[in-house]
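# Give me a model of this one.
(3 chains)
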Amino acid sequence: MSIKKSDIEHLCNLSKLNLDEEEKSLFLNQMKSILEMIQELEEVDTGDIVPMAHPLQMSQRLREDEITESNERNKYQKNTDSAEDGFYKVPKVID
Amino acid sequence: MKRHTVKELQNMLADQSISSEEIHQIYLNRIKSMNDSINAFISIESDEISLSSEQKNSEIKGIPYALKDIFCSEGDKTTCGSKMLANFVSPYDATVVRNLREKGTVILGKTNMDEFAMGSSNETSFYGNVLNPWDEERTPGGSSGGSAAAVAAGMAPIALGTDTGGSIRQPAALTGITGLKPTYGRCSRFGMIAFASSLDQAGILSISAEDAAIFLEHMAGYDQKDSTSSIEEVPKYTEFLNNDLTGKVVGLPREFFDGSLDSKYQTLVTESIHEYEKMGVQFKDISLPNIKYSVPTYYVVAPAECSSNLARYDGVRFGHRSSEGTDLDSFYKQTRKEGFGPEVKRRIITGTYVLSAGYYDAYYLKAQKVRQLINQDFLNAFEEVDVIMGPTTQQSAFKLGDKLDDPVSMYMNDIYTISSNLSGVPAISHPIGFVDNLPFGLQVIAPHFMEHDLLNIVHQYQMSTDWHLQTPNLCREFD
Amino acid sequence: MSWETVIGLEIHVQLNTNSKIFSGASTSYGSEQNTNTSLVDLGYPGVLPVLNKDAVMMAIKFGLAIDAEISRRSIFARKNYFYPDLPKGYQISQYELPIVQGGSLEIKLNDGTKKVIGITRAHLEEDAGKSIHDKFNNETAIDLNRAGTPLLEIVSEPDIRSAEEASSYMQQIHQLVRYLKISDGNMQEGSFRCDANVSVRPSGQAEFGTRAEVKNINSFRFVENAINYEVERQIERLENGNEIIQETRLYDPDKDETRPMRSKEEANDYRYFPDPDLLPLEIDQETIDKIKNLLPELFEEKVIRYTEDLKIKPNDAEEIAKNMQIAEYFEATLDHFDNDPQLVTNWILSEVIGVLNRENIEINAFQIEPTQLASLLSRIEDNTISSKIAKNLFNQLLTSDETVDQMIKQQGLEQITDEGSINEYVAEVLNEFSDQKDQYLAGKEQVLGFLVGQVMKRTQGKANPKMVNELIINQIKK
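Numbers count the residues shown, from 1 in each chain, chains lettered A, B, ... in the order given. Have a look, this model is predicted:
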């Protein structure tokens, strides 16, 4: 299960990150040692252990179906300078 | 006096020897004079005092505090140590900030931190590393390094931090202060910018356990905006501080005392144990057999959650937006390339890898199972003992740049602290002495929701010792 | 070679909650762009989802209605992918443990045959926002009002074998969610839409062929068209020796064709994992029982009750029950007038639906209250007015606030049923038209109609026609 440069490129694509060539080789080496460390887990016998997704033994609480939010568009869009006419904008998408 | 505890400030306010405005100004002046050398604050909030005066009376009204820049505070720049959020102004308050605001406390400023809390040395911050007030060539630890340095240097009487794998306890240990990570779910995570949602917990960096008790009471509690916050009632922590420790049983896990700790640190730990013995505490050897898998488990779970949590930074609604990229894909990739630093990118890629098709079972699911075993180790141990003790870190503050290029060795910094995040149990670090003029810390871990026990134990220690009252040389006298 | 079509449908139903599935923002349709967006819907740093109770209850309701198992414990997971209408970079959905598992629905085809379609699962998830491509020149506009609207995704087994079956299944799910009142089912507004997984295989082959997923289908007609197009395309490719590529295709109703979606080209690896911000959703038996008791009577049950208990003609019963709101109107009318259910049926199917079609409105916008229709029909039944006058009043009711009884009184429309006064009119008419009277006596019975007409004319239509008939004959024969 040795990780390759092409794997790094695939992961960059999935996680939408550009890396320089230099970064790619640096990360490749670092990922190798990280994965080596992680592979220690293989030696643990986890046969019928229930995976622990969460530290709390609680169940989901439910919210009443009530409208509690009002229109704050202007306030929230202050954090972007690319909103126009109330819309957010991205480069043209072709379906 | 070089520093004041929250308790002392409360007393000064109560006998009207000082006003809250004066306190606020003194700390702002201290920050202004020291921050250039320490770099503990990313932004300073000089006008927050006006907000607090409208609030109702409380025992902490007028007490100023430093806030890790991972917490959203309304109207304030909230960067999370990242270029990605360099211009982000939060339109809302985190629940813990709101809770404290309603009690009349005052934010002094937002403290420096590792980018998105990913780091153990504060060197991944976009805003430059924080320097350890005890030795400016050394790291204050991370990721809450700014909060730790601010309290250690007397730039704030108390600070909030977050702890995902040791990010409160490790910097507290490295700067000679007290750092409490409460039980997962004790404090609301709403408004605390997520790194690893099942591990993140807000906590306190303070001079004393007593101060932590005072603040935690007001900060903690159920929040309907956070499904993972606990409905468990918040006790009056201060009422437990003076309980007698006679008969308390403390577990010493052999995995924490396996000989790997340098003898100069081991000596401090042994001395602190003797100190506790004098207070009637009994010690017992225990085992946490799966604890050695904490670091690999953590470095699967935390990056996995982080890779998903950080997907929202796409340059569209807030945050850094690249001017390059003509199509959507290159726009996303360029925005994220420019906005994130190397450690964050490395973790996003690691997390993406462990969740991706074909690896999910081998890595992520496996890690969640080992996590269960580690949790079980704690539950078993707490059948026998009240709390567990051990060193907080393997060494005192290391030199800046020492571990930057070796992530695995950097990750090993958290070897003693990570397991309590995986299990969700509360833990506290407190100073127990110095090696070569650098502070060292002892960690105490308790069962879920037993923070009052931790605070009681450490308070008793701090009543009979003064390690927590030592101040670094650069710390100025109060005016 | 003959080919068999295999289809599975994924239907997305917007649940009609007031607020979003994980935030307190409004779900109302048609608001100005990005005005129904809370910090949670925008995926702001630090915010967290909290689950809407009603969305959960609606999912349970649906599960019970299709005889499915309600998971006592279900898990929300994150489906990770980047798209501008998905603010967090992941969609909160359910993956390994959905809230509803293993149900079925019996569908009825045009030729009257019935078929059971298995429903693998139904799970809760959040809807995405909308991308608008023609708003700006070089950029796509994003409106996140829809982001976070609760969706129930209903996934069928690959049990469907034709476009007609697919359409029928989709229609019945549509009818069901409207019956359950968990969705407005408005297809123009996107509240009810479906993706079709279509493949073909040589008849008799056990393995499935490679499938294509056709997205963006929002009408019953389009589902048939899209599937027919896709089946033809696939067969043609296979017969020409080409392979089918597993891909996502978009149905374009204007061109009536499917084409590959460019944005979905790269094989997606969604990296599902349990959402650490949400805890396991646990549902106890008590809750399930409570919802079960509140389940409304569904279509099949209604038709049986209408035909067996109310003695309505089977075709009429189905017509009424087909649309739950019409059925409710019908039943509300019966609450006030239950003497003659078939009469109510006739009036609704002809007069009421006539108005709805003419004015192109739904029954909830219909002007006449069930109580007024009931009182109109009871005035016919108790002979206060004739059917002819009733129709006239019905038209007046469309624009008037007055009640039926007020109109009858004010316009003096009560039917004349008093024998004495009708006899007076009859005597007058027989006096005037003695020729016709003689013709009748001579055996030309058709002339009776003329005489009745004359009496009705003198009474302005208010005399009871049946009585007029009888009294004329009586007087002539006297």
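
# And the residue nearest the centre of chain B?
residue B:168 (2.0 Å; C-alpha atoms, centre = their mean).

# How about chain B: which residue is closest to chain C?
Here the residue of chain B nearest chain C is residue B:311; by C-beta to the nearest C-beta that distance is 2.4 Å. (Each C-beta comes from the backbone N, C-alpha and C, glycine too.)

# neighbours around the closest residue to that residue other than its chain neighbours, how many?
Closest residue in space to residue B:311, ignoring its immediate chain neighbours: residue C:89 at 2.4 Å, by C-beta to C-beta, 6 or more residues apart in numbering or on different chains. By the criterion of other C-beta atoms under 10 Å in any protein chain shown, residue C:89 has 22 neighbours.

# can you give me the strands for chain A?
A:62-63, A:88-91 (DSSP state E).

# Could you do the stretch 51-200 of chain C as well?
C:51-52, C:69-70, C:73-74, C:76-80, C:90-94, C:100-108, C:114-126, C:130-132, C:139-143, C:150-156, C:192-202 (DSSP state E, counting those that start in this stretch).

# Serialize these to TSV and add fields for mean neighbour count, distance to residue B:241 and mean pLDDT.
Formatted as TSV, these follow (neighbours: other C-beta atoms under 10 Å in any protein chain shown; distance: least, C-beta to C-beta, whole Å; pLDDT from 0 to 100):
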stretch	mean neighbour count	distance to residue B:241	mean pLDDT
strand C:51-52	24	38	98
strand C:69-70	17	49	98
strand C:73-74	18	41	96
strand C:76-80	24	40	98
strand C:90-94	22	42	98
strand C:100-108	19	51	96
strand C:114-126	20	46	97
strand C:130-132	18	56	95
strand C:139-143	22	53	96
strand C:150-156	24	47	98
strand C:192-202	22	60	96
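
# Tabulate those (JSON lines), appending distance to chain A.
Conversion of the strands of the stretch 51-200 of chain C to JSON lines gives the following (distance: least, C-beta to the nearest C-beta, whole Å):
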{"stretch": "strand C:51-52", "distance to chain A": "5"}
{"stretch": "strand C:69-70", "distance to chain A": "15"}
{"stretch": "strand C:73-74", "distance to chain A": "8"}
{"stretch": "strand C:76-80", "distance to chain A": "8"}
{"stretch": "strand C:90-94", "distance to chain A": "12"}
{"stretch": "strand C:100-108", "distance to chain A": "16"}
{"stretch": "strand C:114-126", "distance to chain A": "11"}
{"stretch": "strand C:130-132", "distance to chain A": "6"}
{"stretch": "strand C:139-143", "distance to chain A": "4"}
{"stretch": "strand C:150-156", "distance to chain A": "9"}
{"stretch": "strand C:192-202", "distance to chain A": "14"}
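
# Can you lay out those strands as CSV showing distance to residue B:130?
Putting the strands of the stretch 51-200 of chain C into CSV (distance: least, C-beta to C-beta, whole Å) gives the following:
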stretch, distance to residue B:130
strand C:51-52, 39
strand C:69-70, 52
strand C:73-74, 44
strand C:76-80, 33
strand C:90-94, 32
strand C:100-108, 51
strand C:114-126, 39
strand C:130-132, 42
strand C:139-143, 38
strand C:150-156, 44
strand C:192-202, 51
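
# and of these, who's closest to residue A:51?
strand C:76-80 (12.8 Å; C-beta to C-beta).

# is that closest one anywhere near chain B?
Yes. Applying C-beta under 8 Å from any C-beta of the partner chain, one finds strand C:76-80 touching chain B at C:78, C:80.

# list the contacts for the residue nearest to the spatial centre of chain A?
Centre of chain A computed as the mean C-alpha position; nearest residue by C-alpha atoms, centre = their mean is residue A:15, 6.8 Å away. For residue A:15, the contact set (C-beta atoms under 8 Å, 6 or more residues apart in numbering or on different chains) comprises B:307, B:311, B:336, B:348, B:349, B:352.

# Show the contacting residues for the first one.
Shown in contact with residue B:307 (C-beta under 8 Å, 6+ apart): A:15, B:347, B:348, B:349, B:350, B:351, B:352, B:355, C:80, C:271.

# May I ask which of those residues has the most neighbours?
If you rank the contacts of residue B:307 by neighbour count (other C-beta under 10 Å), residue B:351 sits at the top with 30 neighbours.

# correct me, but the residue nearest to residue B:311 touches residue C:78?
No. If you go by C-beta atoms under 8 Å, residue C:89 and residue C:78 don't touch, sitting 9.1 Å apart.

# hey, what's in contact with both of the two?
residue B:308.

# Residue B:24 touches residue B:65, doesn't it?
No. Applying C-beta under 8 Å, one finds residue B:24 not in contact with residue B:65, separated by 10.8 Å.

# I am finished for the moment; much appreciated.
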